[in-house]
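> Give me a 3D structure for the following:
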Amino acid sequence: MKSLINFAKRLYNDETGAEGLEKLLIIAAVVLPLLGLLIYFRDWITEWTGGEASEVRDGSEDYDPTF
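Numbers count the residues shown, from 1 in each chain. Got it, this is the predicted structure:
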């Protein structure tokens, strides 16, 4: 039982990997809200990009490369 308690204390005090975990948590704190916004506004973004793409396609038909 004593060895199990010592193992638990060593495990609790071990900071190996803490820096990587902190970086992961910071990245998650930035990415998850952005992902939420993209999901929330997905219909608007799809409509906007589709409209812009059609404008580019329509404008490319008017292009005459002859000088």
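> max-length helix in the protein?
helix 18-40 (DSSP state H).
> could you give the angle of the helix or strand following that helix to helix 18-40?
Heading C-terminal from helix 18-40, the first helix or strand you meet, by DSSP states H and E, is helix 42-61. With axes from the mean of the first three to the mean of the last three C-alpha atoms, to 10 degrees applied, the angle from helix 42-61 to helix 18-40 works out at 70 degrees.
> Tell me which other helices or strands helix 42-61 touches.
Judged by 3 or more C-beta pairs under 8 Å, 6 or more residues apart in numbering; DSSP states H and E, helix 42-61 is in contact with no other helix or strand. Where C-beta positions appear, they are placed from N, C-alpha and C, glycine not excepted.
> For that helix, which outside residues touch it?
Here helix 42-61 makes contact (C-beta atoms under 8 Å, 6 or more residues apart in numbering) with Leu38.
> How much space separates Ala53 from Tyr40?
Ala53 sits 22 Å away from Tyr40, going by C-beta to C-beta, to the nearest Å.
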